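Participant: after the sequence you'll find the predicted model.
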Amino acid sequence: MKNLPKKADGTLGILIPGLGAVATTFIAGVEAVKKGLAQPFGSLTQMSNIRLGKRTENRFPKIRDFVPLADLEQIKFGGWDLYSDNVYEAAKKARVLDAGLLDQIKMELEDIKPLKAVFDRSFVANLDGANVKQANTKHELAKLVMDDIENFQDANECERIVMIWCGSTERYIEPSGVHSSLENFEKGLRENDPAISPSMIYAYAALKLGIPFSNGAPNLTCDIAAMIELAKETGAPIGGKDFKTGQTLMKTILAPGLAARALGIRGWFSSNILGNRDGLVLDHPDNFKTKEVSKLSVLEDILQPDINPELYGDIYHKVRINYYPPHGDNKESWDNIDIFGWLGYPMQIKINFLCRDSILAAPIVLDLALFSDLAKRAGMSGIQEWLSFYFKSPQTAPGLRPEHDIFKQLIKLQNTLRHIMGEDLITHLGLDYYQELIEAL
Ligand SMILES: NC(=O)c1ccc[n+]([C@@H]2O[C@H](COP(=O)([O-])OP(=O)(O)OC[C@H]3O[C@@H](n4cnc5c(N)ncnc54)[C@H](O)[C@@H]3O)[C@@H](O)[C@H]2O)c1
């Protein structure tokens, strides 16, 4: 008999570096749902069902009734930001949710005040806040974050903690020597190595305490050998990078469909305008580069031009993001896709997605928090590839091609849940009982 994960008893603390548009929309959303003011649409842990057993068994429980997840009532929130606005003020400034809704949960949101951030302008040049920690070394900064975590855990009597990076996108960096082992990384912390970013300091602090860490931005953060080593050592689950929302969500829905029908693609031009603080940060070329790399890998991995050169060998893929303040958080994206079919005849697809970035991201934060907590209780440490479903640029074991196809990602997620609970995996073959059904006619 398989060991089932421990029950989710007690309080779960969700700690978030970066209390901006996504984080405040997430926190306010959970508070609104708890009060019965709205529904958690977009969240698999709250809304979706999972099939168990054969199709003839008709078993489709809600995911949250199938696996032991923390209940929304058991959650406490905390976080860090370089701006000192509490979550109510920050949510108002983000202008994602209506003031009328925010006022009904004002007290709960005002109680959540950002702790002082670990911040370094050399990684995010377009921001400059005063709510920032001071210390002589990056190692001391990591210690201060660990103190914050432990104080939060004591003050809120939390049984367990998870951390999710919802901070701004940091400048593009490539993995280097300091990231290549835990020993080098810890030496780098003590010597203030410039290649250690603030997000890595938070991740290090969490993992050192055995706390699950997920990365919602495209920064390297926990996608380096040093963090993988640390996560294994302390038994902490990790996952990243970059929440899959908006345009990339559409790409990973549409591209697998075109590839499934062996339709060719000549070009895919993606353009976005957005006007929130994220857009302001991404207006800087060094920060845009981090996002661009994350967005570009998607098509290549789904279409595999190396093994399908006739269909995808010549594809021209371009992604543009433009800062346009009047749109605020309501990002607008256009995609022009040049495809070809039978005998090479060309066709075009145009997508104009009028999306709401943080509305799409908030349920992802909730699911990642609950699932990474489940993973920890199920004894699963290190990279959680089954959570690729939520990321634009999923972290995988070194050398493995990430899976971007959203449908394969969903199958993997659901089968992992079945595996955790000792249920049969579903292959969709069904031959074993298909014949029985026909014979019974
Ligand atoms: N909104 C989406 O749909 C979406 C999708 C994928 C990824 N993301 C990523 O999620 C992150 C958050 O997006 P957002 O729209 O909430 O942006 P935002 O600018 O509204 O919020 C980010 C917050 O992080 C804070 N911050 C920056 N560096 C920090 C640090 N070192 N420590 C603590 N706080 C720090 C900023 O002050 C800001 O309040 C961004 O990196 C974004 O690229 C967002």
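Facilitator: Here it is on my side, so go on. Note that this is a predicted model, so its numbers are computed, not measured. Numbering: from 1, shown residues only.
Participant: quick one: is stretch 271-288 near the ligand?
Facilitator: Yes: shown here: stretch 271-288 in contact with the ligand (CB under 6 Å from any ligand atom) through 276, 277, 278, 281. For the C-beta atoms, the positions are set from N, CA and C on the backbone; glycine is no exception.
Participant: farthest-apart pair in those residues, please.
Facilitator: In the residues of stretch 271-288 next to the ligand, the most distant members under the criterion CB to CB are 276 and 281, with 9.3 Å between them.
Participant: quick one: the strands in the stretch 151-300 of the chain?
Facilitator: Listed in chain order, the strands found in the stretch 151-300 of the chain under DSSP state E, counting those that start in this stretch are 158-165, 213-215, 237-239, 264-274.
Participant: near the ligand, which residues of this structure? Just list them.
Facilitator: Counting by CB under 6 Å from any ligand atom, the residues of the chain close to the ligand are 17-23, 80-83, 94, 117-119, 124, 127, 129, 166-169, 198, 216-217, 242-243, 245-246, 276-278, 281, 357-358, 360-361.
Participant: pull the contacting residues for residue 185.
Facilitator: Contact partners of residue 185, counting by CB atoms under 8 Å, 6 or more residues apart in numbering, are 178, 179, 196, 200, 204, 224, 226, 227, 230.
Participant: how about a cut-off of 6 Å?
Facilitator: Neighbour list for residue 185: residue 226 [criterion: CB atoms under 6 Å, 6 or more residues apart in numbering].
Participant: so what's the residue count around residue 186?
Facilitator: 18 (other CB atoms under 10 Å).
Participant: any idea how far it lies from the ligand?
Facilitator: 20 Å (CB to the nearest ligand atom, to the nearest Å).
Participant: is the closest residue to residue 13 other than its chain neighbours bridged to anything, and to what?
Facilitator: Nearest non-adjacent residue to residue 13, counting by CB to CB, 6 or more residues apart in numbering: residue 158, 3.8 Å away. Under DSSP bridges, the beta-bridge partners of residue 158 are residue 11.
Participant: verify the stated contact: residue 158 with residue 10.
Facilitator: No: counting by CB atoms under 6 Å, residue 10 is not a contact partner of residue 158; they are 7.3 Å apart.
Participant: looking at these two, which has the bigger crowd around it?
Facilitator: In terms of neighbours (other CB under 10 Å), residue 158 is the more surrounded of residue 158 and residue 10; the figures are 21 against 11.
Participant: what about the more buried one, distance to residue 223?
Facilitator: 27 Å (CB to CB, to the nearest Å).
Participant: repeat for residue 251
Facilitator: For residue 251, the distance to residue 223 - CB to CB - is 21 Å.
Participant: same check, this time on residue 147
Facilitator: 26 Å.
Participant: which of the two has more neighbours?
Facilitator: Shown here are residue 147 and residue 223; by other CB under 10 Å, residue 223 has more neighbours (23 against 12).
Participant: ok, the residue nearest to the more buried one when sequence neighbours are not counted - contacts?
Facilitator: With sequence-adjacent residues excluded and distances taken as CB to CB, 6+ apart, residue 223 is closest to residue 395, at 4.9 Å. Contacts for residue 395 (CB under 6 Å, 6+ apart) come out as 223, 240, 383.
Participant: so where is this structure shaky, pLDDT-wise?
Facilitator: Residue ranges of the chain with pLDDT under 70: 1-2.
Participant: scan it for its longest helix.
Facilitator: Under DSSP state H, the helix in the chain containing the largest number of residues is helix 357-377.
Participant: measure the residue in the chain that the ligand sits nearest to to residue 96 for me?
Facilitator: Across the chain, no residue is closer to the ligand than residue 20, which sits at 1.7 Å (CB to the nearest ligand atom). Residue 20 sits 10 Å away from residue 96, going by CB to CB.
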